[in-house]
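Peer 1: quick one, structure for this:
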Amino acid sequence: MSGRWYGAGGRTFVALHGWSGDHRTFAPLQGYLPKWARLWAPDMPGFGAAPPPARWDFDALTRPILEGMDAQGIARATLVGNCAGAVVAMELALRHPERVEGLVLIDPFAYAPWYFRLLTWGWPGWLFYHSTFANPLGRWITNVALAARRTADTDLTEGFARVRHDVAFRFLRLLCSVPHVSRYAALSMPVRLLYGERTFGAVKRSVAMFRSMWPRAVVQALPGAGHLPIQEAAAALARLGFEEGLLDGSKATCGVPHAAGDQAHRAQLGHDPGLGAAL
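Peer 2: Predicted coordinates for the structure are as follows:
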């Protein structure tokens, strides 16, 4: 499986990119990873140099990642899921918990906001996807329109210039097929949630939903960052996301009642228990 190693420490992380990414998504972390950590970033099926899966389901998507871990000699690792890659990380953890030490979820979605679901509505959705992400002018307009959700030197649609659009479209449809985020409530490994201070409202609500489901998850906002915190706040993300105590038992795990203050935190993020389909 194609991919790249970043760092050379003894503790292993496996990093899964998002909807339009590949292993290069995690390149900005190269100079900031702690010396004790190393990160393997594979190209998920259909992205980068990896061939697309024979069928579009989570078995076909996660199996090559496990095979890649085997080929790299990785018996167990903490999974790092960026954006939509967080769903793949949770699916892998749900199916093979014996291979997963913990989860670090970066700017994750817990449900499909309307603008994602619009893209999956048959041929009109495909046309909307194509005009928005497969067209250079559409990408430019979209990036300008989302200026409040990024820093001035980043581009939210850059990855779509090199992605296979049939793959990206089917990947999104698969993500939108997850019935509800409660599917992952039974995960019991340590979880850390990192999100950009200026990210989408749907991500902030998603973080609150995850925190409600996993009361002991560690949550960190990245000041000044938008939806691309790996690019926009690489140093802070590496410091907070790869904290050495995350897996040694001194940090909280999910699924255990949390002390007072959790309700206030959910209110701050705009928790809405009635949100629609899960991502």
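Peer 1: work out for me the element Phe210 sits within.
Peer 2: helix 201-213 (DSSP states H and E).
Peer 1: show residues contacting the host helix or strand of Thr12.
Peer 2: Thr12 is part of strand 11-16 when elements are defined by DSSP H and E. With CB atoms under 8 Å, 6 or more residues apart in numbering as the test, strand 11-16 has contacts from 23, 25-26, 36-42, 44, 65, 69, 74, 76-82, 85-86, 88-89, 104, 242, 244, 247. Heads up, the C-betas are built off the backbone N, CA and C, glycines and all.
Peer 1: ok, now with 7 Å
Peer 2: For strand 11-16, the surrounding residues in contact (CB atoms under 7 Å, 6 or more residues apart in numbering) are 26, 36-41, 44, 69, 74, 77-82, 85, 88-89, 242.
Peer 1: just the buried residues of these.
Peer 2: Neighbour counting with 16 or more other CB atoms under 10 Å marks 26, 37-41, 44, 69, 74, 77-82, 85, 88-89, 242 as buried within those.
Peer 1: mind checking which of those residues are in helices?
Peer 2: 69, 85, 88-89 (DSSP state H).
Peer 1: among these, which pair sits farthest apart?
Peer 2: The distance between the two most remote of those (CB to CB) is 15.0 Å, for Met69 and Gly85.
Peer 1: tally up the residues packed near Gln30, please.
Peer 2: Counted with other CB atoms under 10 Å, residues neighbouring Gln30 total 14.
Peer 1: wait, what's in contact with Thr142?
Peer 2: 132, 157.
Peer 1: distance check, it against Arg149.
Peer 2: Thr142 is 11 Å from Arg149, where distance means CB to CB, to the nearest Å.
Peer 1: Leu61 too?
Peer 2: Leu61 is 27 Å from Arg149, by CB to CB.
Peer 1: likewise Val203?
Peer 2: Distance from Val203 to Arg149, by CB to CB: 9 Å.
Peer 1: out of these two, which sits in the busier spot?
Peer 2: Between Val203 and Arg149, Val203 has the larger neighbour count (other CB under 10 Å), namely 23 against 18.
Peer 1: and that one, what pLDDT?
Peer 2: Per-residue pLDDT puts Val203 at 97.
Peer 1: test my guess that it contacts Ala110.
Peer 2: No: using CB atoms under 7 Å, Val203 is not in contact with Ala110, being 8.7 Å away.
Peer 1: find the centremost residue of the protein, please.
Peer 2: The chain has Asn82 as the residue nearest its centroid, 2.5 Å off, counting by CA atoms, centre = their mean.
Peer 1: ok, what's across the strand from that residue?
Peer 2: Ile106 (DSSP bridges).
Peer 1: show me the contacts for it.
Peer 2: Neighbours of Asn82 in contact, by CB under 7 Å, 6+ apart: 16-18, 21, 25, 106-107, 230.
Peer 1: that older thread, go through the strand holding Thr12 and flag the buried ones.
Peer 2: Result for strand 11-16 [16+ other CB under 10 Å]: buried residues 11-16.
Peer 1: so how far is Trp19 from Asp57?
Peer 2: 17 Å.
Peer 1: neighbour count winner among the two?
Peer 2: Between Asp57 and Trp19, counted using other CB under 10 Å, Trp19 has the larger neighbour count: 21 against 12.
Peer 1: so where does the more buried one fall, helix or strand?
Peer 2: Using DSSP H and E, no helix or strand contains Trp19.
Peer 1: my read: it touches Ala168, true?
Peer 2: Yes: counting by CB under 7 Å, Trp19 touches Ala168, with 6.2 Å between them.
Peer 1: got any ranges where the protein has weak pLDDT?
Peer 2: For the chain, the stretches with pLDDT under 70 are 244-279.
Peer 1: those helices in it, which residues are they?
Peer 2: Under DSSP H, the chain gives helices at 58-71, 85-95, 114-118, 122-129, 136-145, 165-175, 201-213, 229-232, 234-241, 262-269.
Peer 1: dump the ones you listed to a markdown table, plus distance to Ser188.
Peer 2: Putting these into a markdown table (distance: least, CB to CB, whole Å) gives the following:
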| stretch | distance to Ser188 |
| --- | --- |
| helix 58-71 | 19 |
| helix 85-95 | 10 |
| helix 114-118 | 28 |
| helix 122-129 | 36 |
| helix 136-145 | 39 |
| helix 165-175 | 23 |
| helix 201-213 | 12 |
| helix 229-232 | 26 |
| helix 234-241 | 20 |
| helix 262-269 | 18 |
